[in-house]
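Student: coordinates only, sequence not included:
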């Protein structure tokens, strides 16, 4: 099954948020049985399912294959656009900084989640730890983030601004 | 050319940081000429190039296809692992929150960048705006981030913790 194929027909309009969120939670539970991480997400627009996503980090050997990222990628493929205005991202767990950033870049309207970063920490995941890191000066991080500004540092942006038919996102 | 094919033989050991960073900047400039965004990145471990990445957001219709994310995905494919300890990520521009989070999840050792979020803003990109958003209470965001905690919110993590052969990441 690909990430863009629904596992059932999806909820009705009568209780949209709760039903779509239950769909994401069901995906997360099913993904554990399937050998994946305990995370699921769906993208919905105008009451219709655009795409589903399951955590595929260990199966696909891709540390960015979080459920929300997978759902965003699949939805963009499905609609043929790199932007998803008007869409709602339902996710079984509070999006980590990676997934929250992906939602911002995808220009979705809303994110609705079930469990939170503290539940994820209980499961052994670093979502909460990385949020805490973002609130801490980089100098104190375990990973070194270094600026090394060569003379041509802005050359790519100069080339970009000089380029005639650039596509903005 | 795929993201994992180098454009040249790469720098020597004599000036590793500056030379690898120049390689990332060259990728960014080349990517603009190729119709992509002005961002390039390379992943290096033990003095050897693991993978390159170019921004492919508009070309691949993937809002998560930032240069750093592309390089991380390609490097993981190249080494057959979802984790890159000991690797250094060189990037033409300060990683946005998406890419910084991807670097954290990929467990790289260092990130070295050339231009910064302010240069990106001059190019019309939201890296700085999203960093500012992360420092602002969510209630004030233009995108709604909503917790809706159903009774079975933690069921995926319960299933995960009960699962015998889970792979931690």
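Tutor: Yep, that arrived. On a predicted model such as this, the values are computed, not experimentally measured, just so you know.
Student: helix, strand, or coil at the residue in chain A sticking out farthest from the centre?
Tutor: Largest separation from the mean C-alpha position in chain A: residue A:151, at 35.1 Å (CA atoms, centre = their mean). At residue A:151, secondary structure determined by DSSP: H, G, I helix; E, B strand; the rest coil is coil.
Student: how many neighbours does the nearest residue to residue A:96 once chain neighbours are set aside have?
Tutor: Closest residue to residue A:96 apart from its sequence neighbours, by CB to CB, 6 or more residues apart in numbering or on different chains: residue A:127 at 4.0 Å. Bear in mind the C-beta positions are built from the backbone N, C-alpha and C, glycine included. By other CB atoms under 10 Å in any protein chain shown, the residues close to residue A:127 number 27.
Student: you'd agree residue A:127 is up against residue A:91?
Tutor: No - contact criterion CB atoms under 8 Å: residue A:127 and residue A:91 do not qualify, at 11.4 Å.
Student: let me see the ranges of the strands in chain A.
Tutor: A:40-45, A:48-54, A:88-93, A:110-115, A:144-147 (DSSP state E).
Student: winner for burial among the ones you listed?
Tutor: Each of these was assessed for mean neighbour count using mean count of other CB atoms under 10 Å in any protein chain shown. The highest is strand A:88-93, with a mean of 30.
Student: tally of neighbours for residue A:165?
Tutor: Neighbours of residue A:165 using other CB under 10 Å come to 5.
Student: pLDDT score for it?
Tutor: Looking at residue A:165, its pLDDT stands at 81.
Student: now the strands of chain A as JSON lines including mean pLDDT and distance to residue B:106?
Tutor: Formatted as JSON lines, the strands of chain A follow (pLDDT from 0 to 100; distance: least, CB to CB, whole Å):
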{"stretch": "strand A:40-45", "mean pLDDT": "98", "distance to residue B:106": "20"}
{"stretch": "strand A:48-54", "mean pLDDT": "98", "distance to residue B:106": "19"}
{"stretch": "strand A:88-93", "mean pLDDT": "98", "distance to residue B:106": "20"}
{"stretch": "strand A:110-115", "mean pLDDT": "98", "distance to residue B:106": "23"}
{"stretch": "strand A:144-147", "mean pLDDT": "96", "distance to residue B:106": "14"}
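Student: quick one: closest of the ones you listed to residue B:81.
Tutor: Nearest to residue B:81, of all the strands of chain A, is strand A:48-54, at 20.1 Å by CB to CB.
Student: do that closest one and chain B come into contact?
Tutor: No - on the criterion CB under 8 Å from any CB of the partner chain, strand A:48-54 is out of touch with chain B, staying 10.6 Å away.
Student: so what touches that strand?
Tutor: A:3-7, A:10, A:23, A:27-28, A:30-31, A:34, A:36, A:39-44, A:66-75, A:77-79, A:84, A:87 (CB atoms under 8 Å, 6 or more residues apart in numbering or on different chains).
Student: quick one, what contacts residue A:145?
Tutor: So, once contact is read as CB under 8 Å, 6+ apart, residue A:145 ends up touching A:138, B:95, B:100, B:110-111, B:113.
Student: with these in mind, which one is nearest to residue A:104?
Tutor: Residue A:104 lies nearest to residue B:100 out of those, by CB to CB, at 13.2 Å.
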